[in-house]
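Q: after the sequence you'll find the predicted model.
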Amino acid sequence: MAHPVTTVVEGFTFTEAPRWHDGRLWFSDFYTGRVMSVREDGSDSRVEAVVQQQPSGLGWLPDGRLLVVSMRDRRILRREPDGALVTHADLSRHATGHLNDMAVDAEGRAYVGNFGFDLMNGAPLEPAAVHRVDPDGTVSEVAAGLWFPNAINLTADGVVLVNETFGNRISAFDLTEDGRLTGQRVWAQFGPVPTERAVAGALGQLDAAPDGGSLDADVGLWVADAIGGRVIRVAEGGQITDEVRPGTNAYACALGGESGRTLFICTAPDFDEHARSAAREGRIVAVTVPTPAA
């Protein structure tokens, strides 16, 4: 379908982890260390938190307190009612790379992935785990052997979808009542798992690099394809039912807005931290889609 693209906000380093929450769009700006929120039209910009070690995934506890991933020191931070940021969980002894995106379930359990290797300094690919952080800060490994576990989405019927950016696929798990992930399976496969372990070689073997994602009410998953300059809507089994091309590379997306039909897309020319931290070319754009958010 044709989707006219409009700019919501611009002038950032690298926007990530967009979330629609309490009538506002929240997102992280990697290299200024800020968690921001704006209205649907981009107005009334607020700095919600400053995370010195690079913010990423966002979520909220049942009592409304914000959780935010602190990537470089591998912690999840919690914003207290007075605005103070405190350590919710320290994953430095668990994660094998920068922490990445995160989802929080209705019980307040946070599920978080990590890079698994030193992406920005050219280390070879290594598989990584997903960890669960309970409300009391206890850390448990709940899935392993994933190729760059990125966006995590929870369906209404208890399925957890994990985008594997370097795996050419989206994996699915069943979420048990006690927070375990079981029944691992492929939900969508875009191509074979790369055999190359150098990042450049692996990127060349990807048909799609599923980065950030957002579920709609028909259990379609909008996925930012980090190598394709597009956001695609994927159905279980891997069928691509829709595509948006924002005119540059796309790294994350979220459904929201007053109608639930606004797809917010985080864009930038590339994901190189040296180039992005030195520029202000990160934007969030928006398109209207037919099916509202889950």
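A: Structure's in. What do you need? Every value quoted in this text rests on a predicted model; they were computed, and no experiment measured them.
Q: endpoint to endpoint, stretch 105-113 covers what distance?
A: Terminal residues of stretch 105-113 lie 15 Å apart, using CA to CA, to the nearest Å.
Q: ok, and for it, which residues are buried?
A: 105, 108-113 (16 or more other CB atoms under 10 Å). Using the backbone N, CA and C atoms, a C-beta is placed for each residue, glycine as well.
Q: then stretch 5-15?
A: For stretch 5-15, by 16+ other CB under 10 Å, it's 8-9, 12-15.
Q: likewise stretch 151-160?
A: Result for stretch 151-160 [16+ other CB under 10 Å]: buried residues 151-154, 159-160.
Q: again, but for stretch 246-258
A: Of all the residues in stretch 246-258, those buried under the rule 16+ other CB under 10 Å are 246, 249-257.
Q: could you dump the residues you listed to JSON lines with pLDDT and secondary structure?
A: Below are those laid out as JSON lines (pLDDT from 0 to 100; DSSP: H, G, I helix; E, B strand; the rest coil):
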{"residue": "Pro246", "pLDDT": "97", "secondary structure": "coil"}
{"residue": "Asn249", "pLDDT": "98", "secondary structure": "strand"}
{"residue": "Ala250", "pLDDT": "98", "secondary structure": "strand"}
{"residue": "Tyr251", "pLDDT": "98", "secondary structure": "strand"}
{"residue": "Ala252", "pLDDT": "98", "secondary structure": "strand"}
{"residue": "Cys253", "pLDDT": "98", "secondary structure": "strand"}
{"residue": "Ala254", "pLDDT": "98", "secondary structure": "strand"}
{"residue": "Leu255", "pLDDT": "98", "secondary structure": "strand"}
{"residue": "Gly256", "pLDDT": "98", "secondary structure": "strand"}
{"residue": "Gly257", "pLDDT": "98", "secondary structure": "coil"}
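Q: between those, which is nearest Pro290?
A: Checking the buried residues of stretch 246-258 against Pro290 with CB to CB, the nearest one is Leu255 at 11.3 Å.
Q: the closest residue to the closest one other than its chain neighbours: what's it in contact with?
A: Nearest non-adjacent residue to Leu255, counting by CB to CB, 6 or more residues apart in numbering: Ala293, 3.6 Å away. Ala293 makes contacts with 20, 214-217, 255-256, 260-261, as judged by CB atoms under 8 Å, 6 or more residues apart in numbering.
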